[in-house]
Every structure is written in structure tokens, then in C-alpha cells.
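> quick one, fold the following:
(one chain, ligands or ions: 1)
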Amino acid sequence: MPLNYLDPIEAGLALEDYKPQQIGFQINKHLYSTGLPSLKEVKIALFCIETPEQSFEDFRKQLYALFLGNWNMEIADLGNLKISDFDEEAYKKIQEISAELIKQGVIPLLIGGVQELTYAMYRAFDSLEQMVNMVSVDAKFDFGNNEELFIEDSYMSKLISEPPVNLLDFTNIGYQSYYVAQEELDLLEKMCFEAHRLGNITGDLRIIEPAMRDADIVSIDMTSVQARDIGSIGYVNGFNSREICTITRYAGISSNVQIAGIFNIPSTNLAYQLLAQMVWYFYEGFNFRIKELPVITDENYTKYIVPIDDIQIEFFRSTQTERWWMKPGGDKYSSPQNHVPSGLIPCLHQDYEEATKGIIPERWWRSYRKSI
Ligand SMILES: N=CN[C@@H](CCC(=O)O)C(=O)O
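I've put the predicted structure just below:
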């Protein structure tokens, strides 16, 4: 049983000296005394990747001290996966734990380690035989290393080329232009993937919501946060602490997100505090998940048909949540089978408005290019 790879949390955190409204009181913990908690009603289960260099007990203290919202769901802390190195065995264990949780209808939330572990989250879908979309929040694209732009065994290169290829779509959120090469942008473009430059989205983060609504896997590199907000040496520019919380909330609220990971976490008090709040926002977002299924006859949705030259784009607006979708360009376009609503692409009201002015939405174009 892969969950047996996990070690319980430290005894000090087992004490129930929290107020009943605090996460530390409510969360189902993996303890030495009681073993792994039951996952029957659990919706989100976190576990930390502990190395000899980093433990996450300080993060737990921050998380456990936070007050729960008015949420109606069970959450769990499954403890720690203790590893000495990010070797093949560690990847295999993360893959197995993740697959097991997803199979049980629980969202695994991985905390810690390097962003390369995204590959293990992705490989969890091999046994589930499912195609997936991935969103990565990162200042760089990670196709290479310090010496070379593209290397075969970078996790991003493996993601797009190593069989079985489960990846349908990939979106980067928050890249910084001076850290990426034009060749990397060209590759993403060629693959019909999406990338959102930091400077273009911080003014209005709603721009990234449709990509998150369509994601199965979310991978967040904490170096995408500006260094001063996490008290570490890192990048001078990046998302601020509020923005990264908004992004995690979008991940939580997306009905399609099945697994998330937060990596490269500095061992500072500020980083652990922020990490705890990001996890809180993920929980909060999850609590507001609504599975919407727009169909033409459903009274909760309005359908709009916008003709542009010789094409017609069908838009759907939910009267319940004001969210928008559009029919993809080209019949052969495929999205992950289990996505809700199936066969539609999430978009923004702005896409509809621009379409009425004759501008074809970027996401529609990509779906069209993918289908030919
Ligand atoms: N020096 C400024 N950097 C920008 C983002 C960089 C980019 O979008 O490429 C900023 O923080 O907003």
C-alpha cells in the first residue's frame, strides 16, 4: 500500500491544543498513535517531501494555526515522505502515493522538494490511463539546465516527449521574459501550448482563470514569488504574496484539478507563513467548486453564436457563476475525457466581447490548430 511510505507528523503537533475552529483541530492527521487517517470523506490530503535539509514542521505550525472558513469538507495531513535524495525511488513513491489518492477520489497536495517532482505527479496518471492538462506557475520554462537550453532529461522535455505521453495541454503562468529564450517560446508556440508573461497578468489575474479551470495538474514553483515576500534569496520580481494566494484559490476552485504541488520552498518563516495561506486558499477554492455542465437547453446557461468571416464561434455563459466557455475550433479537438463540462474550452467574457468585434480568441485558435 503506497500510503505506507508516509511517516507520521511529529508528536508535538498531535496535541489537540487548538481551538475547534482551527485547522490543527479539524485536519485528519497521520499520527504515531493512530496511524493513517481514514480517507473516506477526505477531499484534499497533503503530504510533505522531507529531506535531510528541510522539514516542514514549521509550515505545519503555521497551517494548523489558521482558522477554517465555513467549509463543509474533510481535509487530511498524511505526514511526510522522507527521502535522502531526489532519485528514481523517490519519484516512484510519489507517483504511487499520488495515483492511489487520485484513485480514491482524494486530491493529493504535495508540499516541498524540487519542481522536477512534477514529473512524478504527471506519471501518476499512467495507471489511471487518463490524458491530462497541466498548469505550471514558474518564472522559467525548465527545458534545460544552467549549461544548455534544452536537455533530454529535464522534466519538461520528458513531459512532452517520453511515452506514454498523457499530456494534452500545458500552460505556463508567470514567466519572466529575461529568463527565457525565444527558442523556448517558439517551442511552446509550436506545441500549441500557452504561456502568460508575468507583466501581462499581474494587472488582472482573471486572465489565467480559464487555463486553471481546464487543468488536471497544477505545479507551483515558489521561486515564481518575489524574493522579498518569502524572505529568501531568489528572483527580485515575481508574484506578490496576495497574487500567489489568488492563483492557488483558482487552482482549488477548478473542478478539473486532480493534483497540485508546491515546490522549491525556502526554509524561512515568511515562506512557511505564505505557504500555509496558499494551502488555505486552495481549501477555500475547493469549497466553492461547482460542477457546471452547459448544454444548449439548460436554463442556467445562455448560448451565443458569434459569426466571424466564414466561421461561427459558440459561446456559453453560466447564469449561475458568470463563467464562460466556447466550442473548440475543429471537430478533432480533444480535451481530457473526464473534464467538466466536456468538449468545451473555458474562456472569459472578454473573449466573447472581442469576438463580437471580429477578433478570434487566442484559445479558440489554439484549439483549431491542435485539431488539424
Ligand atoms: N522587471 C520587471 N519585471 C516584470 C515582469 C517581467 C515580464 O513580464 O517579462 C514585472 O515584475 O512585472
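> from what I can see residue 5 touches residue 95, true?
No - in this structure residue 5 lies outside contact range of residue 95 using Cβ atoms under 8 Å: 10.9 Å. Glycine gets a C-beta too; all of them are placed from N, C-alpha and C.
> check which helix or strand the closest residue to residue 127 other than its chain neighbours maps to.
Nearest residue to residue 127, sequence neighbours excluded (Cβ to Cβ, 6 or more residues apart in numbering): residue 99, at 4.9 Å. Here residue 99, judged by DSSP states H and E, is contained in helix 88-103.
> neighbouring contacts of whichever helix or strand comes after that helix?
As assigned by DSSP H and E, the chain's next helix or strand after helix 88-103 is strand 107-111. By Cβ atoms under 8 Å, 6 or more residues apart in numbering, the residues outside strand 107-111 that reach it are 43-49, 56, 59, 94, 97-98, 101-102, 117, 121, 124, 257-263, 265, 275, 279, 282, 286.
> how does it look with 7 Å?
43-49, 56, 59, 94, 97-98, 101-102, 117, 121, 258-262, 279, 282 (Cβ atoms under 7 Å, 6 or more residues apart in numbering).
> next one: that strand to chain centre, how far?
10 Å (Cα atoms, centre = their mean, to the nearest Å).
> tell me which parts of this protein are close to the ligand?
Counting by Cβ under 6 Å from any ligand atom, the positions of the chain adjacent to the ligand are 176, 177, 197, 198, 199, 202, 237.
> next step: those residues restricted to helices.
Mapping the residues of the chain next to the ligand onto helices (DSSP state H) picks out 198, 199.
> only whichever of the residues of the chain next to the ligand are buried, select them in PyMOL.
One line in PyMOL is enough to select the buried members of the residues of the chain next to the ligand, burial here meaning 16 or more other Cβ atoms under 10 Å:
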select buried, resi 176+198+202+237
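> and the residues of the chain next to the ligand, which two are the farthest apart?
The span of these, defined through Cβ to Cβ, is set by 177 and 202 at 13.5 Å.
> so residue 252, which of the three states?
Secondary structure, DSSP: H, G, I helix; E, B strand; the rest coil: residue 252 is helix.
> tell me how many other residues crowd it.
26 (other Cβ atoms under 10 Å).
> for residue 111, list each beta-bridge partner.
Counting by DSSP bridges, residue 111 is bridged to residue 48, residue 262.
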